[in-house]
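> Fold the following.
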Amino acid sequence: MTNFNQYLASAKGDFMKTQFLITTVAVILLIVFGQANAGEKEVSKPQVPKTVLEAFEKAYPNAKEIEFEKEMIDGKAVYEVEFKENDREYEVLYDSDGVIVQIEETLDAKALPESIVQAISKAYPKATIEDAEKVMKPDGTVIAYEVEIKSEGKKLELELDANGKILKTEQD
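Got it, this is the predicted structure:
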């Protein structure tokens, strides 16, 4: 009978270890996926800091169809303001002090620099360009281009540097 009791005690210990391990893994997955999905969150105008609103309204007084999002970058809150002005779409990223961090402007595919078009054609010869954005520093210096293409039935999003080097490819 002693062997049977030892077996039960051992089995119960193994079960508890397994249950603890499963619970730990589940909690880690929830934390990781929770942070990944918490990237951008739509917010209402009253939830945006006054400094951001004032800076935005001063820089873009004719903006229409304005939407706000809050996201965390490197542990700091930033606010993305999406809007239309002069028949163009923009996304301007502000820090919580109202300082512009980055600007994205939609482009007509025909307005893309030749180096960008050639890089896409070389990597994806059968691609058609669906959408394009220019990503800039606050001073207007181009950092990158974000281009959505359709190639052989697949939709891809490419990020290219100003010289046409493909930095990142994501499938939609």
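> And this structure, what are its domain boundaries?
1-38, 41-102, 108-172 (automatic domain parsing).
> Point out where this protein drops to low pLDDT.
The model of the chain has pLDDT under 70 over residues 1-38.
> could you show me where the strands are in it, in order?
40-43, 64-73, 76-85, 88-95, 100-107, 128-136, 142-151, 154-161, 166-171 (DSSP state E).
> How about residues contacting the first one?
The reference is to strand 40-43. 67-71, 79-80 (Cβ atoms under 8 Å, 6 or more residues apart in numbering). (Glycine included, C-beta is placed from N, CA and C.)
> and if we set it to 10 Å?
47, 67-72, 78-80, 82 (Cβ atoms under 10 Å, 6 or more residues apart in numbering).
> cool, the second one as well?
With Cβ under 10 Å, 6+ apart as the contact definition, strand 64-73 has outside contacts at 35, 38-49, 52-53, 56-57, 60, 77-86, 89, 91, 93-96, 101-102.
> Which of these are buried? Put it as a PyMOL command.
Buried subset of the contacts of strand 64-73, written as a PyMOL selection, criterion 16 or more other Cβ atoms under 10 Å:
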select buried, resi 48+49+52+53+56+60+78+79+80+81+82+83+91+93+94+95+102
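> Enumerate every residue touching L167.
144-146, 158-161.
> let me redo that: K134
103-107, 111-113, 116, 140, 142-147, 162.
> List the buried residues of stretch 153-168.
156, 158-162, 164, 166.
> For D172, state which of those residues is nearest.
Nearest to D172, judged by Cβ to Cβ, of these is L156 at 6.8 Å.
> what are the bridge partners for the closest one, then?
I149, Q171 (DSSP bridges).
> No further questions, thank you.
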